[in-house]
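Asker: Would you be able to build a 3D model of this:
(2 chains)
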Amino acid sequence: MENDKKTMNFLTAKNRLNKSKTHWIGLFLGFMLFFALPLLVQSNHYILQVFTHALLLAALALAWDLLGASGSISLGHAAFFGAGAYASALLGLDLGLSPWATIPLAGLIATGLGLIMGLICLRLRGAYFALATLAFVEIPWVITDNWDSLTRGSLGLVGISGLPSIRIHGFHVDFGSSIVVSYYLIFAYFMILLGLVAFVHQSNIGLALQAIREEEIAAEAVGIHVNGYRLLSLLMSAFFTGVCGACYAHLVRYIEPGLVYGLHFSAVPMIFAICGGRLTILGPAVAAMVLYPMDQFVFHPLLPAGHEFLYGAVLILAMLFMPNGFWGRLRNAS
Amino acid sequence: MILLRLKSLNKTFNHFCALTDIDFSVGEGEIVGLVGPNGAGKTTLFNLISGRYKPSSGNILFKDIDITHLKPHAICRLGISRTFQSSRPFPGMSVLQNVMVGHVFGKRSSLHSRPENKQAAKELLDIVGIAHKADAPAGRLTLSEQRRLDLARALATRPKLLLLDEVAAGFSPVLVKQAVELINRVRKRGVTLLIIDHFLNLSLKVSDRLLALDHGEKIAEGPPHVVMRNPEVLRAYLGLRHESERD
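Answerer: Below you'll find the predicted structure:
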């Protein structure tokens, strides 16, 4: 018992949600709920579409928080999201590659963009870093908008192929035409990313990121390569954000620069992460899966023009009353 | 054998000379006290050695390796560790975790498993006398406990040379006595020490040699009782040095 307690103490603060069995049971029930969702809603197209997007946004929030773990707040993740979306769509449209190939390639292209952002912005800290990332989005946006011969400019891209079909032993699954299959594909991506984030947090990388976040000067003094780890977290974050953008392009099948590079995809993961708990693993994801459906099912019908006020209001309330997010608050209470 | 050698080290901040032409060496196994009034450049010297600041000119050699332009984490991995004037724990981690961070990232010579790391970290907490606080969040420690934690974390990186910045400032006589014992224990582990001690409550008791700074210049070095009788040092501490220059 004593020994157990101490083992757990070794784990980073973020990982304390594994502290007891109830957490595992909760996690399992949540998994089963989302796994069985298509059955529960009898494949209702609209409801499933909303939850597919909710899962995609949850994955986006997880990816954003990989950088957040190093203590840096990004206001410019739309750069990776948009670049991923455009890269995957163009590789499919112009070279005829399958989305199975273009989605990871899009992630790599977003990582390259992350490297450029890192070289420019990582020397900055705090609000200066955040503002620099906000400005950084303009670079891929302006390029996409104006390089007409490659990107079709501000017209956007239409006719992007849907998520691909798989054939296993003659069993044919058509992802593009079935929302149920799209849902499961995004769900699988979300689960993989969640596992990866949990792994990073309890590894030495997570320990280094926590040290950097809490006391950077001491971190470098005990041998942590501060900018190396900050760059690593930015690159991981950029990769998975790019993959999210690529999935989005194949899900919606129509993109334009203002849609994928707009403030929306920079702000939304930050809002989910801060409301849910920036320093927890699950918080950002849970916030996405609660807030986005709430926005779509409740506020959108009520206020078609201004439904997104929900995000602003929730963000302000969270910062005033739950600066650690509601998941962080729950964890501290337990 | 000389462990650390400073060669005509200069540091200026916007035309203000924080350190001027410092030449000094520290031998292996020595305890050297770094004394001088406020603003003499003691902490600046630590920041140069540990790589946080880069000197304007001059060189720093550690074990005959030029570390002048290395980054702090690289200098730490070579075997120089430090504590801070106002200690800097990782507040969200437990006390034990703080020390383990030093173990994990400090010196890459040997990769240990986590249980081994934890055992070693506990021993260090025992040495500095806060083993009973191992599971407490580091942010909740008292000032004296935080300084001990800073020291344990610095030792966890397995340094050859340890820079202690004002470990005993503001300590009661009882705590100073404990600090003296602690430093002797650290020395027995084969660690060379450079100790900043503005109030002279520690270095006179433990140092083999003193280096006295004033206004960024070396004004004296040698055995403690000699340095403390040096008229320059007395004037610096009593604030007479620069007045006397006007006479």
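Asker: For B:K71, what are phi and psi?
Answerer: phi -80, psi 160 (degrees, to the nearest 10).
Asker: Spatially nearest residue to it (excluding sequence neighbours)?
Answerer: B:G51 (5.8 Å; C-beta to C-beta, 6 or more residues apart in numbering or on different chains). Any C-beta I mention is one placed from the backbone N, CA and C, and that applies to glycine too.
Asker: Please report how far that neighbour lies from A:I271.
Answerer: B:G51 sits at a distance of 39 Å from A:I271 (criterion: C-beta to C-beta, to the nearest Å).
Asker: before we move on, the earlier item: who's in contact with the residue nearest to B:K71?
Answerer: Remark: with contacts taken as C-beta atoms under 8 Å, 6 or more residues apart in numbering or on different chains, B:G51 is in contact with B:67, B:70-72, B:74-75.
Asker: Pretty sure it sits in a strand.
Answerer: No: with DSSP: H, G, I helix; E, B strand; the rest coil as the criterion, B:G51 is located in coil rather than a strand.
Asker: what about the helix or strand harbouring A:L207, average pLDDT?
Answerer: Per DSSP states H and E, A:L207 falls inside helix A:204-214. If you average the pLDDT over helix A:204-214, you get 94.
Asker: same check, this time on stretch B:185-198
Answerer: 90.
Asker: what's that stretch in contact with?
Answerer: For stretch B:185-198, contacts defined as C-beta under 8 Å, 6+ apart pick out B:3-4, B:26-38, B:42-43, B:46, B:49, B:85, B:127, B:151, B:155, B:159-169, B:183, B:202-203, B:206-207.
Asker: what comes up buried for it?
Answerer: B:186-187, B:191-198 (16 or more other C-beta atoms under 10 Å in any protein chain shown).
Asker: and residue 41, backbone torsions?
Answerer: Assuming you mean chain A. According to degrees, to the nearest 10, A:V41 has phi -100, psi 10.
Asker: tell me the phi and psi of B:D197?
Answerer: phi -150, psi 90.
Asker: Most neighbours of all the contacts of B:G51, which one?
Answerer: With neighbours set by other C-beta atoms under 10 Å in any protein chain shown, the maximum within these is found at B:I75, which has 25 neighbours.
Asker: any low-confidence regions in the chain?
Answerer: All of this is about chain A. Along chain A, the model assigns pLDDT under 70 to residues A:1-20, A:165-177, A:332-334.
Asker: Can you look at chain B instead?
Answerer: For chain B, the stretches with pLDDT under 70 are B:108-112, B:240-247.
Asker: Which residues of it lie near chain A?
Answerer: B:50, B:52, B:71-73, B:76-77, B:81-82, B:84, B:88-94, B:96-97, B:100-102, B:104-107, B:114, B:118, B:134-135, B:153-154, B:156-157 (C-beta under 8 Å from any C-beta of the partner chain).
Asker: Produce a PyMOL select command limited to the buried residues of those residues.
Answerer: In PyMOL, a selection of the buried entries from the residues of chain B next to chain A looks like this (16+ other C-beta under 10 Å):
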select buried, chain B and resi 50+52+71+72+73+76+77+81+82+84+88+89+90+92+93+94+96+97+100+101+102+104+105+106+107+118+134+153+154+156+157
